[in-house]
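Novice: Next input, structure requested:
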Amino acid sequence: MAVVNGTSDADVLLGTDGDDQLYGLESDDVLLASAGNDLLDGGEGFDTANYYALSSGVNVEFNSASTTVTAADGKVDTLVGVEKVFGTFQNDTFTSNVAGVTLEGSAGDDVYIVGSEGVTIIEENHLGYDELRTSLNTIKMDPFIEKLTFTGTGDFKGYGNASDNEIIGGAGNDWLWGGAGADHFVGGEGFDTVSYSDSLEGVRVQDFENYDALTIAAGDTFTGIEAIQGSNFDDVVYLLDNAMIVDGADGYDTVSYRHSFDGVSIGIGQQAGPDVTLLNVEKVIGTSFDDRFTANVAGVTLEGGRGDDVYIINSAGVSIVETDLFGGTDHVYTSLSSMHMDPFIENMTYTGTADFTGYGNDGNNVIVSGAGNDVLLGGAGGDRFEGGAGIDIVSYDDSSEGLSASLNWGPQSGIALYDTYIDIEGLRGSKYNDSLQGNSDDNILEGGTGDDQIVGDDGNDHIYGGLKSGLDGDVAQADTLSGGSGDDVIVSAVNDLGTVAHGDQGDDTVTVNSGSAFGDDGNDVLTGTGSNYLLFGGSGNDLLVLNLVGQSGTGGVAFGGMGDDTYIVNTTGLVTIQDEGWDLNDTLILNTVANLSQLNVTRIGDDAYLHSANDGSVGVPSSGVKLQGWYAGYNNIEHLQTADGQVYDLPATVDGFAMFG
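Specialist: From the prediction side, this is the model:
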């Protein structure tokens, strides 16, 4: 047995073939191992035990209690104060459970078993196939290590190097980074993710044959991997099915399933969940088969391709791309309260609970609304509208020309040609001259701007020459409005100039601005709101209301016709009334005259003017009521009521007003 002592300098010590003791003492020493059971004591400094001279591999174990090196022939060296071990040129195994150790395997297929942080591994390029096994929950592979295996418990984070690595996770939810090189990732049990967040550029990833030779994803393959996280740049991920979750991270990221052999079902959201397949992805390309896309976030483009695709849209800002008519019959389901169908989508169904506005495209669409009061616009093409519950209206406000539309299988023209309606209660016309017809239900018919012809047909209809909202625009229009049978409500446009509105049968409510309102049969309510309007009560006990916008100028004219009619004057302008009926219960209500003492009666020719005593006019009064032909036989109003509610019976003679002075 030889005992070899070093000096205070950096020494290189070599023993004999026997059982030797080498003492490095001070400084950074190199202790060359040989045959025998040796004691290698490095002393102070950074000391290295070197086994390059051995012809077979060694097993090195660094533990807190002791450090030993076992050779293939069974010899065991004991290391004290040694910080680095240089292995043989054969297959070595290094185990370190203490920090501050450097392991250098050199040539051969070496295995490093690391159970402590602070262990450094040195390998040279192309000198064997080396493996790092670790129980640490986070580790980075040193350069030129080819394989990383997690042997611990819990979730693991493993980082590869620039070589072609094989990285194997454990039973937990692992995150694996390969770095450069063609890497093979094995997830094991749990939910495992491969991440490219360390890339300095966008990556192209494929879960089958990854041919991309331009990024760190080149040649990467996956086994038992549940998710891929992209880089912070623009990535493209190609998948064969929807079994793998993709988180695009930052950048404009695309996931494509175009190489798939079957349709996929994809969910796009902000957080991972049972129905979310893609996160932070801006574009998704489907297969050539029947795909299903669910988008719960904005800023996503969905491209279905061929096949009968289904798009479930729960967020605004989602674009759908279908390239041609050969892309199958595609369907959009949306919970948004407003939705435009992208080109080459055939069907749309509203799945929400609010009032819905749905816009078709230029194809032949089927548009199905929900339970609210919905507005549906089909665009061009022969469209089928299905209303469901609520008051649903088909609108042609987007038309570039006038059209004809009928809920009662009547003539159709323009973009309404070949349109059909199921459970639709109303129609809304274009900005041009339209013809609209209702059916036997209670309809809402809105002409919009233009000179429209609207027929309510049967049912208790609401007919508007303009829009129900009153936002008709500034263009004057003259519509022809007809209620048909039923108790209808008819309102002319705000800018009505010459509209003709007929209540027809039933007890109707007809309002015109500067047009003509005909009550026809029934007990009707006719109202004039502008100037120069005409109210014709027709038969029945009618209520005729005379208003005047601006309260000045010349108002309208009312003809009560047959029945017990009531005239209400609410304007301080001048209006005209002529009652031609011979019934005995007609009433004139002057809400602009406070009481009987304020009433003046002026006769000019055969007409009687009833006006306030203080209206200040000279000659023909500028306010009040002109009872046309009163003194020529049209003295058929029996009662007069002033604003205070007092009612006065008028004598049957033409001079009946003489009592008022």
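Novice: what residue ranges in the stretch 151-300 of the chain score low on pLDDT?
Specialist: Scanning the stretch 151-300 of the chain for pLDDT under 70 picks out the ranges 208-213, 272-274.
Novice: Report the helix or strand with the lowest average pLDDT across this protein.
Specialist: Sorting the helices and strands of the chain by mean pLDDT, DSSP states H and E puts strand 554-559 at the bottom, at a mean of 86.
Novice: Identify all contacting residues around that strand.
Specialist: 526, 528, 530-537, 544, 546-548, 567, 571, 573-580, 628 (Cβ atoms under 8 Å, 6 or more residues apart in numbering). Placement of C-beta: from N, CA and C, glycine included.
Novice: And that strand, what's buried?
Specialist: The neighbour-count check on strand 554-559 (16 or more other Cβ atoms under 10 Å) flags 555-559 as buried.
Novice: Also stretch 117-131?
Specialist: Result for stretch 117-131 [16+ other Cβ under 10 Å]: buried residues 119, 121-123, 128, 130-131.
Novice: cool, and stretch 164-182?
Specialist: In stretch 164-182, counting by 16+ other Cβ under 10 Å, buried: 164-170, 172-182.
Novice: Buried among the contacts of strand 554-559? Make that a ChimeraX selection.
Specialist: The buried residues among the contacts of strand 554-559 can be selected in ChimeraX (16+ other Cβ under 10 Å) with this line:
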select :526,528,530,531,532,533,534,535,536,537,544,546,547,548,567,571,573,574,575,576,577,578,579,628
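Novice: Which of the contacts of strand 554-559 fall in strands?
Specialist: Taking DSSP state E as the definition of strands, those contribute 526, 528, 534-536, 544, 546, 567, 574-578.
Novice: Any figure for the gap between residue 306 and residue 320?
Specialist: Noted for residue 306: a distance of 14 Å to residue 320, by Cβ to Cβ, to the nearest Å.
Novice: Between those two, tell me which one has more neighbours.
Specialist: Set residue 306 next to residue 320 and count neighbours by other Cβ atoms under 10 Å: residue 320 wins out with 22 against 18.
Novice: Let me know whether that one touches residue 346 as I believe.
Specialist: No - counting by Cβ atoms under 8 Å, residue 320 does not reach residue 346; the two are 11.7 Å apart.
Novice: Identify the farthest-apart pair in the buried residues of stretch 117-131.
Specialist: 119 and 128 (18.8 Å; Cβ to Cβ).
Novice: For residue 596, what are phi and psi?
Specialist: phi -60, psi -30 (degrees, to the nearest 10).
Novice: returning to what we had before: quick one: which of the ones in strands among the contacts of strand 554-559 is nearest residue 638?
Specialist: Of the ones in strands among the contacts of strand 554-559, the one sitting nearest to residue 638 (Cβ to Cβ) turns out to be residue 567, at 11.7 Å.
Novice: Show the contacting residues for that closest one.
Specialist: So residue 567 contacts 544, 546, 558, 560, 577, 579, 586-589, 625, 637 (Cβ under 8 Å, 6+ apart).
Novice: In TSV: those residues, plus distance to residue 223.
Specialist: Converted to TSV, the contacts of residue 567 look like this (distance: Cβ to Cβ, whole Å):
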residue	distance to residue 223
544	86
546	87
558	89
560	91
577	93
579	95
586	95
587	93
588	94
589	90
625	95
637	97
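Novice: Check those residues for the minimum pLDDT and say which it is.
Specialist: Least confident entry in these, by pLDDT: residue 579, with 85.
Novice: gap between it and residue 133?
Specialist: 108 Å.
Novice: what does residue 58 give?
Specialist: Residue 58 is 17 Å from residue 133, by Cβ to Cβ.
Novice: the more surrounded of those two?
Specialist: residue 58 (23 against 19).
Novice: Give me the phi and psi angles of residue 597.
Specialist: phi -70, psi -20.
Novice: Just give the nearest non-adjacent residue to it, would you?
Specialist: Closest residue in space to residue 597, ignoring its immediate chain neighbours: residue 613 at 7.6 Å, by Cβ to Cβ, 6 or more residues apart in numbering.
Novice: and that neighbour, how many neighbours?
Specialist: Neighbours of residue 613 using other Cβ under 10 Å come to 13.
Novice: can you check residue 153 too?
Specialist: Neighbours of residue 153 (other Cβ under 10 Å): 11.
Novice: can you list the weak-confidence ranges in the stretch 401-550 of the chain?
Specialist: In the stretch 401-550 of the chain (pLDDT under 70), the answer is 473, 549-550.
Novice: Show me where it has its helices.
Specialist: Assigned by DSSP state H, counting those that start in this stretch, the stretch 401-550 of the chain shows no helices.
Novice: tell me the centre residue of this structure?
Specialist: In the chain, the residue lying closest to the centroid (Cα atoms, centre = their mean) is residue 315, at 1.7 Å.
Novice: Does that residue touch residue 297 like I think?
Specialist: Yes - Residue 315 is in contact with residue 297 according to Cβ under 8 Å; the separation is 5.3 Å.
Novice: Distance check, residue 383 against residue 623.
Specialist: Counting by Cβ to Cβ - residue 383 and residue 623 are separated by 53 Å.
Novice: wait, what's in contact with the closest residue to residue 63 other than its chain neighbours?
Specialist: Nearest non-adjacent residue to residue 63, counting by Cβ to Cβ, 6+ apart: residue 97, 5.3 Å away. Contacts for residue 97 (Cβ under 8 Å, 6+ apart) come out as 62-64, 115-116.
Novice: would you turn the residues you listed into TSV with pLDDT, secondary structure and neighbour count?
Specialist: Output for the contacts of residue 97, formatted as TSV (pLDDT from 0 to 100; DSSP: H, G, I helix; E, B strand; the rest coil; neighbours: other Cβ atoms under 10 Å):
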residue	pLDDT	secondary structure	neighbour count
62	96	strand	26
63	94	coil	13
64	89	coil	8
115	96	coil	17
116	96	coil	17
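Novice: Now for residue 31: which residues touch it?
Specialist: Neighbouring residues of residue 31 by Cβ under 8 Å, 6+ apart: 13, 22, 24, 40, 42, 47-50, 82.
Novice: can you put those residues in a markdown table and add neighbour count and distance to residue 363?
Specialist: As requested, those are exported to a markdown table (neighbours: other Cβ atoms under 10 Å; distance: Cβ to Cβ, whole Å):
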| residue | neighbour count | distance to residue 363 |
| --- | --- | --- |
| 13 | 21 | 88 |
| 22 | 28 | 88 |
| 24 | 29 | 86 |
| 40 | 28 | 84 |
| 42 | 27 | 83 |
| 47 | 27 | 81 |
| 48 | 21 | 78 |
| 49 | 27 | 79 |
| 50 | 20 | 79 |
| 82 | 25 | 79 |
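Novice: possible to save those as a markdown table with secondary structure?
Specialist: Formatted as a markdown table, the contacts of residue 31 follow (DSSP: H, G, I helix; E, B strand; the rest coil):
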| residue | secondary structure |
| --- | --- |
| 13 | strand |
| 22 | strand |
| 24 | coil |
| 40 | strand |
| 42 | coil |
| 47 | coil |
| 48 | strand |
| 49 | strand |
| 50 | strand |
| 82 | coil |
